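Chemist: After the sequence you'll find the predicted model.
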Amino acid sequence: MKTQVAIIGAGPAGLLLGHLLKAAKIDCVVIERQKPNYILGRIRAGVLERITVDLMARLGLDARLRAEGLVEEGFNLADGERLIRIDVANLTGKTVLIYGQTEITRDLMDAAPERGLTVIYGVNDVALFDIEGDAPYVTYSLDGAQQRIDARFLIGCDGFHGPSRKAIPDGVAREYERVYPFGWLGILADVPPCHHELIYANHDRGFALASMRSHARSRYYVDVALSEKVEDWSDERIWDELAVRLGPEAAANMTRGPSIEKSIAPLRSYVFEPMRHGSLLLCGDAAHIVPPTGAKGLNLAASDVHYAAEALTAFFQRNDNDAVAGYAARALARVWKSERFSWTLTKLMHRFPEDGPFERAMQVAELDYISGSVAAQTSIAENYVGLPV
Ligand code: RFL
Ligand code: PHB
């Protein structure tokens with residue numbers, strides 16, 4: 001098969017990019033290891049920045065998101081007893097939208113056939129070749145048969161564990177990584193949220209987050225040591241822990257119910273440079289990971305895809321090579337700022353095993369400062385709502 005752009009991975013990054021390229025009349029094919037139902041079963045992000053909503057609007061795929069998404073004007077930091085509200089709407093003039101990654105992915109998947117976007121699911125043994133030249137190609141097997149796609153560009157949208165990043169030679173690559181000594185145990189339940197806005201809590205017993213997917217579906221997290229097993233956490237144990245960590249006001253309004261999903265996600269900060277090598281561009285989790293504190297991962301994937309679509313459109317429509325050459329620098333400038341914010345919020349809201357009384361006092365002092373400073377709240381709000389693209 002021959003195409004202009006071969007995209008590896010049909011998560012939000014790969015599907016969004018495929019649709020944007022199709023809209024720009026650029027030929028592309030997406031290949032994906034999993035089947036659609038598996039992808040839709042992965043419970044992940046819930047908070048969308050403007051860039052992500054705007055891209056869906058540009059594609060004309062925002063009808064369900066506008067109808068079902070919850071507009072959030074602020075969020076809260078909890079410190080034991082008190083709630084510190086960050087009034088995002090008043091401080092920045094912008095809002096975020098609660099709408100699950102699963103739903104965005106479903107909207108993009110459902111629209112693929114009618115937009116002529118080819119997505120090949122269930123491929124194995126994906127390998128990338130000749131990425132340093134002008135005629136790269138990707139091979140894979142499907143139902144036991146070996147296949148090959150020749151393209152002008154390959155785009156790695158295959159998440160943290162995919163093969164694309166690994167195709168870039170060690171000699172040109174640079175990795176930055178911080179692995180955190182805890183994970184987030186998440187629970188999804190069909191119960192009303194305990195609060196109409198998100199609450200990120202730093203309690204003596206550890207971190208907790210109250211989030212939601214709708215007025216009838218809640219998403220909660222507590223941080224746990226990496227040695228913990230999800231089987232050791234009954235629903236009741238999680239609800240008990242949430243009630244303590246989120247503070248009395250949230251606990252009083254919390255409705256308990258059976259979990260419909262429960263999993264532990266490890267926390268990591270990671271950046272891979274460069275995000276382009278020759279004819280291979282990386283987008284989303286394939287190039288970087290942020291800890292979920294601050295809800296930046298999916299939104300960074302969206303901004304990468306926006307830059308990549310602009311660069312590829314300039315190349316194919318105007319013979320402009322410079323935009324592709326500049327892709328990595330443009331994307332990384334935004335990536336590093338989101339890495340900084342996610343890391344800062346993670347440090348502020350979690351207990352690290354190595355922390356002593358001094359570090360704890362610094363967290364308390366910082367939360368105190370934030371609670372009394374419009375400048376500090378504005379800084380947090382403008383990062384939370386999404387930095388300019
Ligand atoms: P994905 O979603 O991992 O998709 C990559 C796709 O590539 C496929 N793939 C392959 N395909 C072919 N061949 C191979 N060899 C392949 N290997 C892999 C995979 O099957 C998959 O379909 O990456 P993408 O598209 O870059 O999207 C990134 C986001 O998924 C991720 O950043 C967010 O989910 C992170 N995240 C959050 N981000 C936010 O913006 N807001 C949030 O509120 C938020 N909450 C979260 C999160 C991530 C979490 N977990 C579990 C990691 C909460 C959690 C708990
Ligand atoms: C979620 O709703 O899953 C969620 C919300 C905010 C975060 C991370 C995850 O920072």
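Modeler: All right, it came through fine. Ligands and ions are numbered 1, 2, ... in the order given.
Chemist: all contacts plus neighbour counts: C-alpha atoms, from now on.
Modeler: Fine.
Chemist: give me the number of residues near Leu226?
Modeler: A total of 15 residues lie near Leu226 under the criterion other Cα atoms under 10 Å.
Chemist: meant to ask about Pro353
Modeler: When neighbours are defined as other Cα under 10 Å, Pro353 has 9 of them.
Chemist: So the nearest residue to it once chain neighbours are set aside, which state does it fall into?
Modeler: Nearest non-adjacent residue to Pro353, counting by Cα to Cα, 6 or more residues apart in numbering: Pro181, 7.6 Å away. Following DSSP: H, G, I helix; E, B strand; the rest coil, the label given to Pro181 is strand.
Chemist: give me the element the spatially closest residue to Met254 that is not a sequence neighbour is part of.
Modeler: Among residues not flanking Met254 along the chain, Cys194 sits closest, at 4.5 Å (Cα to Cα, 6+ apart). According to DSSP states H and E, Cys194 maps onto no helix or strand at all.
Chemist: Would you enumerate the residues in contact with Cys194?
Modeler: Residues in contact with Cys194 (Cα atoms under 8 Å, 6 or more residues apart in numbering) are Ala210, Ala250, Ala251, Asn253, Met254, Thr255.
Chemist: let's go with 10 Å and repeat that
Modeler: Residues near Cys194 by Cα atoms under 10 Å, 6 or more residues apart in numbering: 210-212, 215, 218, 220, 246, 249-256.
Chemist: In ChimeraX, select just the buried ones from the residues you listed.
Modeler: Burial among the contacts of Cys194 is assessed by 16 or more other Cα atoms under 10 Å; the matching ChimeraX selection reads:
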select :210,211,212,218,220,246,250,251,254,256
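Chemist: Correct me if wrong: Arg33 contacts Asp143.
Modeler: No: in this structure, Arg33 is not within contact of Asp143 by Cα atoms under 10 Å, at 11.8 Å.
Chemist: For these two, indicate the residue with more neighbours.
Modeler: Arg33 (21 against 8).
Chemist: what's the spacing between stretch 103-116 and its chain's center?
Modeler: Relative to its parent chain, stretch 103-116 has a centroid offset of 19 Å by Cα atoms, centre = their mean, to the nearest Å.
Chemist: quick one: average confidence on it?
Modeler: Averaged across stretch 103-116, the pLDDT comes to 98.
Chemist: CA atoms only: put that stretch into CSV for me.
Modeler: The C-alpha coordinates for stretch 103-116 follow below in CSV (Å, rounded to 0.1, in the frame of the first residue of the first chain):
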residue,chain,number,x,y,z
GLU,A,103,-15.9,9.4,24.6
ILE,A,104,-13.6,11.5,22.4
THR,A,105,-12.0,8.3,21.1
ARG,A,106,-15.4,6.9,20.3
ASP,A,107,-16.5,10.1,18.5
LEU,A,108,-13.3,10.0,16.4
MET,A,109,-13.6,6.2,15.7
ASP,A,110,-17.3,6.5,14.7
ALA,A,111,-16.6,9.3,12.3
ALA,A,112,-13.7,7.5,10.5
PRO,A,113,-15.7,5.5,7.9
GLU,A,114,-17.9,8.5,6.8
ARG,A,115,-14.8,10.7,6.5
GLY,A,116,-12.9,8.1,4.5
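Chemist: hmm, that stretch in reach of ligand 1?
Modeler: No: using Cα under 6 Å from any ligand atom, stretch 103-116 stays clear of ligand 1, with a minimum separation of 9.0 Å.
Chemist: what do you get for stretch 11-29?
Modeler: Yes: using Cα under 6 Å from any ligand atom, stretch 11-29 reaches ligand 1 at Gly11, Pro12, Ala13, Gly14.
Chemist: And stretch 126-146, by the same measure?
Modeler: Yes: Stretch 126-146 lies within reach of ligand 1 by Cα under 6 Å from any ligand atom, at Val126.
Chemist: Export that stretch to CSV, keeping only CA atoms.
Modeler: In CSV, the C-alpha atoms belonging to stretch 126-146 read as follows (Å, rounded to 0.1, in the frame of the first residue of the first chain):
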residue,chain,number,x,y,z
VAL,A,126,4.9,-3.2,13.5
ALA,A,127,8.4,-2.1,12.4
LEU,A,128,9.6,1.2,10.9
PHE,A,129,12.3,1.4,8.1
ASP,A,130,14.3,4.1,6.3
ILE,A,131,13.1,6.9,8.5
GLU,A,132,16.2,9.0,7.7
GLY,A,133,15.3,9.2,4.0
ASP,A,134,12.4,10.5,1.9
ALA,A,135,10.8,7.1,1.4
PRO,A,136,10.2,5.5,4.8
TYR,A,137,7.9,2.5,5.2
VAL,A,138,6.3,0.5,7.9
THR,A,139,5.6,-3.3,7.9
TYR,A,140,3.2,-5.3,10.0
SER,A,141,1.3,-8.5,10.0
LEU,A,142,-2.4,-8.8,9.9
ASP,A,143,-4.2,-12.2,10.2
GLY,A,144,-0.8,-13.9,9.7
ALA,A,145,0.0,-12.1,6.4
GLN,A,146,2.9,-9.7,6.1
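Chemist: before we move on, back to that, any figure for the gap between the residue nearest to Met254 and Glu72?
Modeler: Distance of Cys194 to Glu72, computed by Cα to Cα, to the nearest Å: 15 Å.
Chemist: what's the answer for Pro181, then?
Modeler: Here Pro181 is placed at a distance of 31 Å from Glu72 (Cα to Cα).
Chemist: Same question for Glu103.
Modeler: As for Glu103, its distance to Glu72 is 17 Å (criterion: Cα to Cα).
Chemist: Could you pull up phi and psi at Thr95?
Modeler: Torsion angles at Thr95 (phi, psi; degrees, to the nearest 10) stand at phi -130, psi 170.
Chemist: meant to ask about Tyr99, not that
Modeler: Per degrees, to the nearest 10, the backbone of Tyr99 is at phi -160, psi 120.
Chemist: try Arg268
Modeler: Main-chain dihedrals, Arg268, degrees, to the nearest 10: phi -150, psi 140.
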